[in-house]
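Undergrad: give me the fold of what follows.
(2 chains)
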Amino acid sequence: GNSVTQMEGPVTLSEEAFLTINCTYTATGYPSLFWYVQYPGEGLQLLLKATKADDKGSNKGFEATYRKETTSFHLEKGSVQVSDSAVYFCALSDGLTGGGNKLTFGTGTQLKVEL
Amino acid sequence: KAGVTQTPRYLIKTRGQQVTLSCSPISGHRSVSWYQQTPGQGLQFLFEYFSETQRNKGNFPGRFSGRQFSNSRSEMNVSTLELGDSALYLCASSFDANEKLFFGSGTQLSVL
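TA: Have a look, this model is predicted:
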């Protein structure tokens, strides 16, 4: 079955540091890949997505590239801010489930950014 | 445009009871999905409804059920509650398949 593995947290960084959160996946077919972010007390928000190999998703300074050869979708940001503190989830949609919206999520990585 | 609305925000129930959670999607969205979030298991897909029909189902027991109404509002029901059902239940809506999902803030269910 489908699965997503992401690095354990919490990740603690100083403001303006470089961020990488690793994500690898196992899926049949040609999945779409996503990063979602969850702020305290809120639901998930889509951060970025990529639908095919070598696509780069980007938003708010965050980037991730769909690497089919390494089955990875690592999240990066060049300079984090305190406001980026949240839990980040990597997810995939395999597109094989009758055309519906069934996402498989990783366990989430908590990011704490300090001044 | 109003976001996805889930009610109630918090629920406390006892084992053996049943519970109904409600989700109002963004206006115009036809797909509603439900997820269970727990510290141990993370986010797990429950089911998805599209135009009043269940389109996808996750690996949960039959105690978990749902439905969607003609106005796209959805409810999920959990019967014979168990302690392990304590979780944050998230609802997400989208216009159609493979489109951006918009999540609500969730219903926090505690089973005592």
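Undergrad: what residues are up against the spatially most central residue of chain B?
TA: Ranked by distance to the mean C-alpha position of chain B (Cα atoms, centre = their mean), the top residue is residue B:34 at 3.5 Å. By Cβ atoms under 8 Å, 6 or more residues apart in numbering or on different chains, the residues touching residue B:34 are B:23, B:45, B:46, B:47, B:48, B:66, B:74, B:76, B:89, B:90, B:91, B:92. C-beta coordinates here come from the backbone N, C-alpha and C atoms, glycine included.
Undergrad: isn't there a strand covering it?
TA: Yes - membership of residue B:34 in a strand is supported by DSSP: H, G, I helix; E, B strand; the rest coil.
Undergrad: still on that earlier bit, now the buried members of the contacts of residue B:34.
TA: Buried by 16 or more other Cβ atoms under 10 Å in any protein chain shown: B:23, B:45, B:46, B:47, B:48, B:66, B:74, B:76, B:89, B:90, B:91, B:92, out of the contacts of residue B:34.
Undergrad: helix or strand: which one has the last one?
TA: Meaning residue B:92. Residue B:92 belongs to strand B:87-94 when assigned by DSSP states H and E.
Undergrad: what residues does chain B put near chain A?
TA: Applying Cβ under 8 Å from any Cβ of the partner chain, we find that chain B lies next to chain A at B:4, B:31, B:33, B:35, B:42-45, B:48, B:50, B:55-56, B:58, B:90, B:92, B:94, B:97-101, B:103-106.
Undergrad: what about residue B:59, neighbour count?
TA: Using other Cβ atoms under 10 Å in any protein chain shown, residue B:59 has 8 neighbouring residues.
Undergrad: so how many other residues sit close to the nearest residue to residue B:53 once chain neighbours are set aside?
TA: Residue nearest to residue B:53 in three dimensions, not counting chain neighbours: residue B:68, with 7.6 Å by Cβ to Cβ, 6 or more residues apart in numbering or on different chains. Neighbourhood size, residue B:68 [other Cβ under 10 Å]: 23.
Undergrad: identify the bridge partners of residue B:68.
TA: With DSSP bridges as the criterion, residue B:68 is bridged to residue B:74.
Undergrad: over to residue A:88?
TA: residue A:37, residue A:109.
Undergrad: pretty sure it sits against residue A:20.
TA: No - assessed by Cβ atoms under 8 Å, residue A:88 is found out of contact with residue A:20, at 11.1 Å.
Undergrad: neighbour-wise, which of the two wins?
TA: More crowded of residue A:88 and residue A:20, by other Cβ under 10 Å: residue A:88, with 25 against 10.
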